[in-house]
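Trainee: The amino acid sequence is not available; the structure is as follows:
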C-alpha cells in the first residue's frame, strides 16, 4: 500500500470536476466527489448497515469488485488489508474516477474495463466477489450469476439488487402439476419484473426482482445465502450448483 497523495486540495478538486458527475460520494483529501447525491452520503451510508458481515481482516485475500463504479467498495476492501483488489466496470469514466480515488487515498487497487459476461477472461478465482447494484442493469441476469459461479467465485459473494414487489419470500414446492396456475399469482412467488422502457429515467434498468426471485436466483446459480443483513443485500457462499445450472447448455448432468 502506498502513501496518500501529496496533491493539493485544489488540484484534487480540479481533477474530480474534470471527471464529470460522480455516483459514489468519496472523501478524497477533503474533497467530496458527490456532495449533493440524491441518496445523501452514498454508498457509505448504505455500507455501514452491512459492513459487519464482511471479515474485518482480509489479509492475504483477493477481491473482485464487479461494476465497481468509482471504487468505493474496492477501497474499503483494501482498508481491510486485502492483498489484491480488482475492480471491473464497462464505463471508462467510472474507471478513471476509481483510479483517481486509488491515487489520492494510496489504496492500491487495479481497475479494468470488463463486462460481467467476460469474467472468464480473468482466468482466476477470488476469495470475495462483490456484485452490488449490477443485476438489474443486465439483459441476462441469471447468465451473469452463472458466469460468476463458474469462473471467478471461490468462496464469498456480496450481492445486492434493486427489488420491487413483495418483500416476503415463499418457498415453492418441489413440483406442481401442469394444471396448477394460481400459485403464479401469489405475490410471494419468485418474480422478475421486466422493464421494457425506462424506470427512474434510466434506460439501463432492465429487471426488478422481488425478494423471492433474488434469493431463488442466487440458490439456482450455486450460492448459499449466509446472511441477509439489510433489505436487498445478501452474503453468500459458493457451493455446488444444482442440476441444470450453468452458463453452458445443455447441462452436463443427466436427469435421474
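Mentor: Perfect, I can see it now. Model, not experiment: these values are computed from the prediction.

Trainee: those helices in the stretch 101-250 of the chain, which residues are they?
Mentor: For the stretch 101-250 of the chain, the helices defined by DSSP state H, counting those that start in this stretch occupy 141-147, 211-221.

Trainee: would you turn these into TSV with mean pLDDT, mean neighbour count and distance to residue 236?
Mentor: For every residue, glycine as well, the C-beta is placed using N, CA and C. Converted to TSV, those look like this (pLDDT from 0 to 100; neighbours: other CB atoms under 10 Å; distance: least, CB to CB, whole Å):
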stretch	mean pLDDT	mean neighbour count	distance to residue 236
helix 141-147	97	21	10
helix 211-221	97	22	6
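
Trainee: Just put those helices in JSON lines and tack on distance to residue 30.
Mentor: Shown next, in JSON lines, are these (distance: least, CB to CB, whole Å):
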{"stretch": "helix 141-147", "distance to residue 30": "37"}
{"stretch": "helix 211-221", "distance to residue 30": "38"}
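
Trainee: ok, now which ones touch the closest residue to residue 186 other than its chain neighbours?
Mentor: Distance criterion CB to CB, 6 or more residues apart in numbering; nearest residue to residue 186, sequence neighbours excluded, is residue 170 at 6.4 Å. Listed by CB atoms under 8 Å, 6 or more residues apart in numbering, the contact set of residue 170 reads 186, 188-189, 212.

Trainee: Buried subset of those as a PyMOL selection?
Mentor: This is how PyMOL selects the buried members of the contacts of residue 170, with burial counted by 16 or more other CB atoms under 10 Å:
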select buried, resi 188+189+212
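
Trainee: Could I get the contacts of residue 170 in TSV, plus columns for distance to residue 206?
Mentor: Below are the contacts of residue 170 laid out as TSV (distance: CB to CB, whole Å):
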residue	distance to residue 206
186	24
188	23
189	20
212	19
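
Trainee: Now, the contacts of residue 170 that are in strands?
Mentor: Among the contacts of residue 170, no member falls in strands (DSSP state E).

Trainee: Pull the residues that contact stretch 198-212.
Mentor: Stretch 198-212 is contacted by residues 135-139, 141, 161-170, 187-195, 197, 217 when judged by CB under 8 Å, 6+ apart.

Trainee: Quick check: end-to-end length of that stretch?
Mentor: By CA to CA, to the nearest Å, the extent of stretch 198-212 from end to end equals 23 Å.

Trainee: ranges for the strands of the chain?
Mentor: 27-28, 31-32, 62-66, 84-89, 110-113, 126-132, 153-160, 192-194, 207-209, 223-230, 233-238.

Trainee: Mind listing the strands the first one pairs with, and their directions?
Mentor: Under the criterion DSSP bridges, strand 27-28 sits next to strand 31-32 (antiparallel) in its sheet.

Trainee: What's the mean pLDDT across the partner strand?
Mentor: Averaging pLDDT along strand 31-32 yields 96.

Trainee: One more: stretch 101-108?
Mentor: Per-residue scores along stretch 101-108 average to 96.
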